[in-house]
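In: Build me a structure from this.
(chains A, B and C)
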Amino acid sequence: MEVKLVEVKGVSKTFNGVVRALDEVSIAIRQNEIVGVVGENGAGKSTLMKILVGVFPPDKGEWYYRGRKIPFPQNPKEATKRGISIVYQEKGVIPCLKVYQFLLLGNEDSYVKISGLHLDKMKKHAREILEEFHVKCDVENFMYELPLSTQKMVEIARAILSVRLEHEDNNITSVIILDEPTAPLTIEERRELFSDILNMKKNASFIFVSHIIPEVMEFTDRVYVLRDGKLVAHYDLSKEKITEEDLFRAIVGRESSEYIYKPEIKRVVSEDVVLTAKNLTKNGCYYDISFDLYKGECIGIFGPAGSGKSEIINTIAGLISFEEGVLIVKGQEVKTKELPHVRLARGIGYFSGETGKELFLNWTITKNISIVNIEKILRKFVPVISFNAEKQMAEKIVQRMRIRTPGINTDCYSLSGGSKQKVSIGKWLERSPDILLLEDPTIGIDVGARKDIYETTSEMKKSGISMILVSDDPKEYSILCDKIMFIKDGRIQKVLSPEQFKKVMAT
Amino acid sequence: MKIPGRKKLIPPVIIQTLKTHPVIIVLITLFMMFSSLYPERFLTPLNFSTILKQFVTLTLFALGPSIVVVTGSLDLSYVGIWMLGGILVWLLMPILGMFSILVIPLLGLATGFLIGVIQVKAKIPSFILTLSLLVTYSGLTATLSGGYPRPVRGYEFITARLIRYLPTAFLWSIPIIIAAVFIIKRTRIGTYLYAIGSNEEGARLAGINVDKYKILAFTLSGLFTGIGSIILFQHLGGATPVELNLNNLVWPLVAIVLGGTPLIGGSGGPQRTILGALTFTVFYRGLLLSLLHPQAIQLLVGLLLIVSIVVGTRGLKGVTIT
Amino acid sequence: MRGEKMMVRLLISQEWLRRNMTTVGSIVAAIAIIAGFQVINPFFLRYQGIITLVYAMSYFLIAACGLTFVIMMGSFDFSVVSLLKLAALICVLYIDKLGLLVIPLALLICVGFGFINGLLFAKFKVPSFMATLGVSVVVEGIALYLSKGFLHIMYDETFRALAITFIAGLPSIFYWAMGVWIICTFIAICMPFGRRTYAVGGNPIGAGLSGINVERHRICVFMLSSFFAGLAGVLYMAQLGGGSMLIGKDMTIPLFASVVAGGTALTGGVGGPHRTLLGVIIITWIQAGMLMLAIGRDIQMVTFGLIALGMSIVTIDRRRIKIIK
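Out: Next up is the predicted model:
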């Protein structure tokens, strides 16, 4: 079907006059197809989607519906009128509602009568819709009783339904945007979801927003690649022979200047094993994860989103529990379920680039640094905090990390993203745990701050701190890691050295 | 769950109801227990009449807040509406005559609306907000009444005896209960309130005007409390109260929680609350009949509250509790 | 260059102002109130008035300091007043049999209930206001059971001396209160325990990741709050010389208001006992002033309700909470 259902041309959007979120992006969706929109975090995917569903208008651009030019939607209702609806990544489901209630939520107008809602009619229509979309569940079930993939299917059915009801036309083809639909699902559930979506192709077209490359490759007909707000590639997967690495490079960009700086990483690694993982398993997330971590070594766990890398590192941190397998830290076996403070006592620190997680944003820099280092700032004989020692510690770190701030007593709220991350890493620098877990350490920050953080991590590595890195940025792995484990679908596929890794990425 | 072709002694509907409403089992157990322990005091028409009377009080206080609890918020203003409403009736009696009783639902409506608007716009936690309002209202009541109970005559017909041993107030409360349950279970409003309680952000994303419905929930709560207070006004003696009685505040909460409505919202509601109210009343009455120390009974009520909360809160994942 | 320096100075002073706005505001309010009452009744600040105020303030401050820790942690403790009552009654009821041993007994019992509060909250995940409300009902029941509702007089001179011995013109309970306040402030600002409390209140997950045993700390804080509630009760009984179930009547809202008025936000992570002194001063002086103006108890309640509400609105850190129920 060559009919272009929805096409947008030259979409641009700038926030606050400074941040160029989208720059002349054009995409088109045809009837009965699944179009992928991929890119890194911050590439502009969600901005584009928000414009499509009417959350806000673009600064520039044109909208065509079946070849006819019409204005952009001003709100989600109007977007539905144009045939576009969205299924959000999370928080879209309402657990305590029954399936038929959720399916028809917001569209009960035709069932309202004086004596309440016409429940039988609602249930009947719900059953019909679910049958049409091959969703297997009972309309009387509560949403929370359904498996996650079925919940997603109901969400998709609901999105299509709202478009139809808006048009009062059962034959209209809706365009449904799926925003990272598989993130919360287990590996098995994803397969199910995709086969169900493929079944729905005759009823709707889909825009599949994701950064899970294997899935995009397998299930989409065409792919658009966004990078830094621009459309950098457009592949027609039915016509061209594209590999996953091609897509990867398009997303990440070959000519990235970040490869320039290479702080010398001493690949000297001792013989002491600080952490051993043996057959760690958590059903639905990762299976049979085994590796040894040596003192002063940095291991990278690399894989697409949803491969399990995030769950593994969170498990070691104590935020998630594991089910089977053994985890040994400094010679001691660890319980499957332990709170983070116990893991920290064992010597495992956790750093997340998502600073809201572990920073106290309404505290000053000083307090954020000292809370992990309380023992160091206590007076000699009395367990009382020495403000002098605290101040000195903070000043030392701010200087060493080159944190841009009016003073050590500034609230962390007011710091820039890069500075926040520096505060966070700074406190770990001071603490010097035996093992430091890094998750997305440089997410969303500028090149300069990134360089500083890499230098700090290499310093820590030199002083004997072992690290495990999980990130979306492949360059980081080759800069920081001694060894990189590839992970896919929850299992380790292969282990590479940084040189081998670079080669794989470059081809 | 259901195995086809197998004859069942108890129809599956009843089993399903019991599963989702465990409080019924508690109710039946208590009933059996007290009936066998003190049959001559428990199984009398007078006792049942008293039970119904207390049930009415509890229910009429608890209906309004159960609507709000479904959305995940709390409304503690019910006692305040009843107290202030009563005193306003006394004040307006000389001017409006018999119509002055209508001021109570009006007060309830206005109060609920006010609470809703403040909660939504100023983003104040409902617990603090309604508690402060309650205190304010009780203070106002005492001020306006000068500190003395002010009996009001003229409304005795509300509780005039129609059927022996059946409190008329109970008859009056039936339509109110039905209205509340109807709104929650069979109207679009009810569905939206459940949605807001279950996942407020999701409800918003689904296009529901969350602010509007939250305000509506509080307004309905105030309205129901107001209407219920017309009955309560006379039912509780016709004289207006001055002291803020902790029992009046806590017992309806016990009824709500005991009935199986979780405080974080999303399920339950008035239909469960009436079961909880009935169970609590039977529990309390039975204890009183046992001639235990009244203080000991007080203790047991507190323990019941704690136990039902703990049991009710277990199994709730991913909820931030402060 | 100079422009930058000035900008920086301006930024720092703005931030300092923002952070301390509530303290500054509270101080201004306190001064305004005192001045106001003084104008209305020039005899306000006479010696007799001051003693009355001190008596009203001292036991109150002790209980409020304990409660402050709970609120700093982002939780509620509804049981403080009931525990105060229970502690006071235990003292008067058993002083004949146990002598001064009633004091550690009362304190121990209160800490025990604090432990239960903490357990319900940290282990069983019951919302703190509900858990403490439930416990307070139980405590009230026990208090009623023990006291049988009667008024009991404290005859023991030694016990009473704890609170009413005059040193340098002020009753000893004042020094107790000041001591407690200083200790609590010290704990909050200078000791790791205080930091941890702020941490748990500010970001419970971050606190765990920073090595804090969040569950255990929560239990400790509730125990602390109950301990001070008990201490307040013991000293209050010493001050009063007798009491019944009427002890602590209408105390909950003013208590809560004084913590919040001092600038300790309900969202947790900010404020502290040092602030609470201000709040207690404001509230008790307002109380005294209203008494002097013969304003009824009920309008007092109205006022405190409104103050509690107002200060909650002002201090809540809306940056952190997206959905408020």
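In: which regions of the stretch 1-150 of chain B sit below the pLDDT cut-off?
Out: B:1-10, B:16, B:18-20 (pLDDT under 70).
In: can you do 80?
Out: The stretch 1-150 of chain B contains residues with pLDDT under 80 at B:1-26, B:36-43, B:97-98, B:122-125, B:128, B:135, B:139, B:142-143, B:145-150.
In: do the stretch 1-150 of chain C as well
Out: Short version for the stretch 1-150 of chain C, where the test is pLDDT under 80: C:1-50.
In: What strand or helix carries the residue nearest the centre of chain C?
Out: With distances taken as Cα atoms, centre = their mean, the residue of chain C nearest its centroid is residue C:64 (0.8 Å). Using DSSP states H and E, the element containing residue C:64 is helix C:47-72.
In: what helices or strands is that helix leaning on?
Out: Other elements packing on helix C:47-72 under the criterion 3 or more Cβ pairs under 8 Å, 6 or more residues apart in numbering or on different chains; DSSP states H and E are helix C:80-98, strand C:170-171, helix C:172-190, helix C:192-202, helix C:214-240, helix C:252-262, helix C:273-292. Every C-beta, even on glycine, is put in place using the N, C-alpha and C of the backbone.
In: Looking at those, which is nearest to residue C:126?
Out: The closest of the helices and strands packed on helix C:47-72 to residue C:126 is helix C:214-240. By Cβ to Cβ, the value is 11.8 Å.
In: can the closest one be found next to chain B?
Out: No. Figure legend: helix C:214-240 not in contact with chain B (Cβ under 8 Å from any Cβ of the partner chain); closest approach 10.4 Å.
In: Can you list the buried residues in that helix?
Out: Neighbour counts over helix C:214-240 (16 or more other Cβ atoms under 10 Å in any protein chain shown) mark C:214-215, C:217-240 as buried.
In: how big is the angle separating the helix holding residue C:64 from helix C:192-202?
Out: Between the axis of helix C:47-72 and that of helix C:192-202 there is an angle of 60 degrees, by axes from the mean of the first three to the mean of the last three Cα atoms, to 10 degrees.
In: Tell me the buried residues in helix C:47-72?
Out: For helix C:47-72, by 16+ other Cβ under 10 Å, it's C:49, C:53-72.
In: any idea of the angle that helix forms with helix C:252-262?
Out: If you take the same axes, to 10 degrees, helix C:47-72 sits at 80 degrees to helix C:252-262.
In: wait, what's in contact with residue 181?
Out: Unless you meant another one, I'm taking chain A. For residue A:181, the contacting residues are A:87, A:89, A:152, A:193, A:208, A:210, by Cβ atoms under 8 Å, 6 or more residues apart in numbering or on different chains.
In: My question was about chain C, not that one.
Out: Residue C:181 touches C:61, C:62, C:65, C:273, C:276, C:277, counting by Cβ under 8 Å, 6+ apart.
In: can you count the residues close to residue A:106?
Out: The tally of other residues near residue A:106 (other Cβ atoms under 10 Å in any protein chain shown) stands at 20.
In: Also the one 10 residues further on?
Out: Residue crowding around residue A:116 was assessed by other Cβ under 10 Å; the count is 16.
In: now residue B:130
Out: Neighbours around residue B:130, by other Cβ under 10 Å: 27.
In: Which strand or helix spans the residue most central in space within chain B?
Out: Here the mean C-alpha position of chain B is nearest to the C-alpha of residue B:62 (Cα atoms, centre = their mean), at a distance of 0.7 Å. Per DSSP H and E: residue B:62 is located in helix B:45-70.
In: Figure out how far the helix or strand following that helix is from the centre of its chain.
Out: Next along the chain after helix B:45-70, taking DSSP H and E as the criterion, comes helix B:78-96. Distance of helix B:78-96 from the chain centroid (Cα atoms, centre = their mean, to the nearest Å) equals 20 Å.
In: Just the buried positions in helix B:78-96, please.
Out: Using 16+ other Cβ under 10 Å as the test for burial, helix B:78-96 gives B:78-91, B:93.
In: List every C-alpha atom in that helix, with coordinates, as PDB.
Out: Output of helix B:78-96 as PDB, limited to C-alpha atoms (Å, rounded to 0.1, in the frame of the first residue of the first chain):
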ATOM      1  CA  TYR B  78     -17.500  14.700  58.200                       C
ATOM      2  CA  VAL B  79     -17.700  15.200  61.900                       C
ATOM      3  CA  GLY B  80     -17.100  18.900  61.400                       C
ATOM      4  CA  ILE B  81     -19.900  19.200  58.900                       C
ATOM      5  CA  TRP B  82     -22.300  17.500  61.300                       C
ATOM      6  CA  MET B  83     -21.300  19.700  64.200                       C
ATOM      7  CA  LEU B  84     -21.300  23.000  62.400                       C
ATOM      8  CA  GLY B  85     -24.400  22.100  60.500                       C
ATOM      9  CA  GLY B  86     -26.200  21.400  63.700                       C
ATOM     10  CA  ILE B  87     -25.400  24.700  65.200                       C
ATOM     11  CA  LEU B  88     -26.300  26.500  62.100                       C
ATOM     12  CA  VAL B  89     -29.700  24.900  62.200                       C
ATOM     13  CA  TRP B  90     -30.200  26.200  65.700                       C
ATOM     14  CA  LEU B  91     -29.100  29.600  64.600                       C
ATOM     15  CA  LEU B  92     -31.300  29.800  61.500                       C
ATOM     16  CA  MET B  93     -34.400  28.200  63.100                       C
ATOM     17  CA  PRO B  94     -35.900  31.500  64.100                       C
ATOM     18  CA  ILE B  95     -35.500  32.800  60.600                       C
ATOM     19  CA  LEU B  96     -36.100  29.900  58.300                       C
END
